[in-house]
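[1] Here is a sequence with its predicted model. Questions after.
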Amino acid sequence: MLFIREDLPSTKLVPDALDPPLRDSTQYLLSKPSHESVLRVLDEFLQTHAERLIRDPVKRAILQRDLWAVFDRTVAREPNRRGEPTYDKERQELQTRLAEVMRRLALSPEEIHSLPDNYGQALASAQFAGEYDPTHRDRPFLPPDLFESLGGPWIAIYAQGPSSEPVAAGHVSTFSRSSFLVFVRLPGGRKATFDYFRTLWDFPQPWIARPDKFNPDHRAGPKMGDLQPKALHSPYLLLSSIPWKENK
């Protein structure tokens, strides 16, 4: 019901989607009949203490995360046009139930620490190439040395400063319950990668005015010589992780 919608048959093709198919202006789960259906399911879950049937910490964590995604969508929901219902009552009814289910599913500190190392499991499965193949750019890869913090070739990119935006800003705004780490590796190795980003950081004038016929002051840069091609032809890796709500 939450990720596979009867009114959107295409959602059956991606039952394991990262986020539920709910737009910012969606009326799904707020208007009839979907609202009544989802409340009935959540009420049954709460009344029967169905959380006791889910003992696997991984399954509990994933279900909590999925419900959290629906909760966030209802909070961010705004009417699409003037005069459209705001569904304030329906949102409160849904959010109250979702919050209680998430609370019951929350993992203890011990359960969180017992969660499996899915990075190690993915490597052991041998389902992913260990190196980026530029001739097959869409082929997933997972390097075994990604988290070698001392001397490893992969560098994690972080934003700095109190007002810094996330590096993967587009992903964070779309998938608000996940954190995203961006790794890069230049051909010259770890030092070459550090040197490249240090050069970017120290570049004296990254945006250079380049007048055009529409806007004489248009800033169409940056003009950084041969800096960009180095990064464009280097492998990047985007790694996502999901947070847990801890039961204290």
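    Here it is on my side, so go on.
[2] what is the mean pLDDT for the biggest helix by length in the chain?
    Selection of the longest helix in the chain by residue count, based on DSSP state H, yields helix 57-76. Averaged across helix 57-76, the pLDDT comes to 91.
[3] Can you tell me what sits against the next helix-or-strand element following it?
    Reading on from helix 57-76 to the C-terminus, the next helix or strand found by DSSP states H and E is helix 88-105. Defining contact as C-beta atoms under 8 Å, 6 or more residues apart in numbering, one finds that helix 88-105 is touched by 29-31, 35, 38-39, 42-43, 45-46, 49, 51, 54, 60-61, 63-64, 67-68, 70-71, 74-75, 77, 245, 247. For the C-beta atoms, the positions are set from N, CA and C on the backbone; glycine is no exception.
[4] Same question for stretch 1-13.
    Outside of stretch 1-13, the residues within contact range by C-beta under 8 Å, 6+ apart are 15-17, 20-21, 28-29, 34, 37-38, 41, 66-67, 70.
[5] Pull out the buried members of those.
    20-21, 28-29, 34, 38, 66-67, 70 (16 or more other C-beta atoms under 10 Å).
[6] Tabulate the residues you listed (a markdown table), appending distance to E110.
    Conversion of the buried ones among the contacts of stretch 1-13 to a markdown table gives the following (distance: C-beta to C-beta, whole Å):
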| residue | distance to E110 |
| --- | --- |
| P20 | 30 |
| P21 | 35 |
| Y28 | 37 |
| L29 | 34 |
| S34 | 37 |
| V38 | 32 |
| D66 | 23 |
| L67 | 22 |
| V70 | 27 |
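[7] Out of these, flag the one nearest to G83.
    Y28 (19.2 Å; C-beta to C-beta).
[8] May I see the ChimeraX selection of the buried members of the contacts of helix 88-105?
    Per 16+ other C-beta under 10 Å, the buried members of these correspond to this ChimeraX selection:
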select :29,30,35,38,39,42,45,51,60,61,63,64,67,68,70,71,74,77,245
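[9] correct me, but F45 touches I54?
    No. With contact defined as C-beta atoms under 8 Å, F45 does not reach I54; the gap is 10.2 Å.
[10] re the thing from before, inside helices: which ones of the contacts of stretch 1-13?
    Restricting the contacts of stretch 1-13 to those inside helices, with DSSP H as the criterion, leaves 34, 37-38, 41, 66-67, 70.
[11] Pick the one among those residues closest to P187.
    Of all these, P187 sits closest to D66, with 39.9 Å by C-beta to C-beta.
[12] Tell me how many other residues surround S108.
    Counted with other C-beta atoms under 10 Å, the burial measure for S108 works out to 12 neighbours.
[13] cool, and L239?
    Around L239 there are 15 other residues, counting by other C-beta under 10 Å.
[14] Assumed it was part of a strand.
    Yes. Judged by DSSP: H, G, I helix; E, B strand; the rest coil, L239 forms part of a strand.
[15] in the protein, which ranges drop under the pLDDT threshold?
    When the per-residue scores of the chain are filtered using pLDDT under 70, the ranges that remain are 149-150, 159-177, 205-233, 243-248.
[16] Now do the strands in it.
    Per DSSP state E, the chain carries strands over the ranges 155-157, 179-184, 236-241.
[17] which neighbours does the shortest one have in its sheet, and in what orientation?
    Same thing as strand 155-157. Using DSSP bridges, the strands paired with strand 155-157 are strand 179-184 (antiparallel).
[18] Between strand 236-241 and the strand it pairs with, find me the angle.
    Relative orientation of strand 179-184 with respect to strand 236-241: 160 degrees, computed using axes from the mean of the first three to the mean of the last three C-alpha atoms, to 10 degrees.
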